[in-house]
Structures are given as structure tokens and as C-alpha cells.
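Engineer: I would like to see how this sequence folds:
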Amino acid sequence: MKYFLLMILIFINSLFANQQVKKKVEEDKKIINACNSGDAIACNSLGNIYFDLSSDKANVFIGILLHKKACKLGNEESCKIINDYEDKKYKSLFTDNETKILNFMIKEELTFFLQGNEPISIFKEYYNSKRTHIAATSNDIQLDYEKNEVGADLKYKNKDIVVSGEVSRISKDAFDSIYLDLKGGTNQFMPPKAYIEKEYIEWVSKLSKKDKIKLFCEKSSMVMGSAILNNCKPLDAVIEEKTNNIIDLIDKKEISALNEDLFIMGFTIKELSKSLKNNSKCYTSNDMNSCIKELNSVMPKFQKNFSDLKGLFK
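Structural biologist: A predicted model of the protein is given here:
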């Protein structure tokens, strides 16, 4: 599935409407129903079950949600437990392998967002971006500028652009600035040019003609017939940097202040990781697409294990 995180949120929210807590089918229905009916002691008991790391039901994210609910209902023990967690960081609640899954999920949404799509609400507040995003090929950008420079400026100028293209030349100008000629347009002598930030000189040094690349550029213009893309960086590097920034921003918040969707995602990651092998691509590679494909393959098992919860929370 193309947008795996969106699928997770839709599925989880369909099971637990009205922010109802999640629990495995094997748990005592009376306790679960009591918690959902507003019994603080029942919610506290369920929270303790999920906090028991010796149990196969252990899932700290569900434990926190249950104790938060119990605390709101007046259970002092649960309030103390939540207070004890305030100094913990969101990322610290994951194992190393689970953190890799978290990173891939954020990267997938960032890729979706940076290409001009509306982000899923779970991370929207952490993007801190006021600029418009757009995705285009180097050929489309060049053709747009050839057709109408004014119209192309309105479309691309002062926007963040994800550019896909093929390298036709690797050069420096008179000011020692690094740029790439990309394939595009109707005149091979006036190709679109992407100026690369100097900190990525090592990346550029390993490129070859005909390499297919994706760049993240911050603005565009036209000079002597060529579309010019400025402040360009490798897209993968930008996504990596922004992923780390998002996690850092989440970690700055107290546990009690985090959106419940983050706990739902944490719960999902922990449950899905139980179905992955130790040599999973999610753990052993940097290939986002392969990881998402593996997660997608174990999703039916996840759905089966928790499908009966609908009945428990009616």
C-alpha cells in the first residue's frame, strides 16, 4: 500500500472510535467493558497488565493510554504512573529495531508531504513549514519555462520543489558553485540546471552522467533560456534530516501532552515488529519501500489479532 501510515490510522481508528482504549481479545471482557464505561480501577488494572514487561501483552503505549484515562477518571495510582513517565522521551519507549520502523513511517509521510500532498494530521504540527511544496520532473520545469517564463515563475518560484531528473553534465561555474545539467526541454544546449549546496560535494563527486536523481530545491528562475534550480540538496538527505528533526520536536514534549495518535502509532509499531523476522529489511537496510512492503505483508495478521476488539467496545 502506497501510504502505509494512513492505512494504519484509518484501521486503528475504525476499531477504537471515540478514543476507546485497545486490548487483546484474551483479556477479561468485564474489565475492558468496565474501563470503557468509566471505571477508573478497571482502567488502572488494564494499564498495569500492559506495563508488565514479562507478559506477551506488554505494550507500554497502551499502558500509558490506559493510565491516562484512569488518571482523568480520578485514579491516583495511575496519575502517579503518568507523572513518573513525564521525563521519558517518546523515542526511548521503542527498541532500536522499533525505532527503525518509526523512522521509515515518518520518512514515507515526509516523501508524500514534500511532493505537494497534505500531510497526515499525526505529524502535521511538527513540519513547521510555511512554504508551498511541489513535485516535477526537470523536463516539465524546463518546458514550462520555455512556454511561459511568467507562468513558470508563478508555478515554481519561492516554492520547495522535489525534482526528478537525469544527470547530463556535472560542472562548476566561475564562482566555484556546483551545478548539474539535467535532461529536459527542447534545446540540448539550454538544459535545466540544478545548483547543489556545497556541503553535498561528496555526494556530487560520486555521480555519473545518466544517473537518475531526486533533488529538493528551494526556488527557481530562468537565465539565458535555462531553468535554474537553486539551493538543491539530495532528497534522501533532506528526508533524513527532517525525520530526525520531527523526532527531536516530539521528544521535547512531555508524555502527557502528546497527541494520542502518536501512542496509537507506537502501539502499532510494537505489535507489527513482533511479526517481523530478525533479518527484516526494516532492521537491516535503509530501503524504505522494502520495509513498508514487509509491514504491509504482516498487516493482515495484525488485523486478525485485533478484529474482535470491535465487539468488545460497542
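
Engineer: list of residues touching stretch 244-263?
Structural biologist: Identification of contacts with stretch 244-263 by C-beta atoms under 8 Å, 6 or more residues apart in numbering yields 9, 19, 61-62, 64-65, 68, 82, 85-86, 88-91, 102-103, 106, 110, 121-123, 125-128. The way it works is simple: take the backbone N, C-alpha and C, and place the C-beta from them, glycine included.

Engineer: per-residue confidence at residue 26?
Structural biologist: Among the per-residue scores, residue 26 shows a pLDDT of 49.

Engineer: and what of residue 310?
Structural biologist: So, for residue 310, pLDDT stands at 43.

Engineer: next one: residue 2
Structural biologist: The model reports residue 2 with a pLDDT of 48.

Engineer: middle-most residue in the protein, spatially?
Structural biologist: Among the residues of the chain, residue 106 comes closest to the average C-alpha position under C-alpha atoms, centre = their mean, at 1.4 Å.

Engineer: near the nearest residue to residue 50 once chain neighbours are set aside, how many other residues are there?
Structural biologist: Once flanking residues are discounted, residue 50 sits nearest to residue 63: 3.7 Å by C-beta to C-beta, 6 or more residues apart in numbering. The tally of other residues near residue 63 (other C-beta atoms under 10 Å) stands at 26.

Engineer: which ones are touching residue 63?
Structural biologist: Counting by C-beta under 8 Å, 6+ apart, residue 63 touches 47-51.

Engineer: again, 10 Å this time
Structural biologist: Listed by C-beta atoms under 10 Å, 6 or more residues apart in numbering, the contact set of residue 63 reads 21, 46-53, 57, 78, 81, 85, 93, 263, 267.

Engineer: which SS class is it?
Structural biologist: helix (DSSP: H, G, I helix; E, B strand; the rest coil).

Engineer: likewise the one 3 residues further on?
Structural biologist: Per three-state DSSP, the secondary structure class of residue 66 is helix.

Engineer: surely it is in contact with residue 51?
Structural biologist: Yes: between residue 66 and residue 51 a contact is recorded at 8.8 Å, counting by C-beta atoms under 10 Å.
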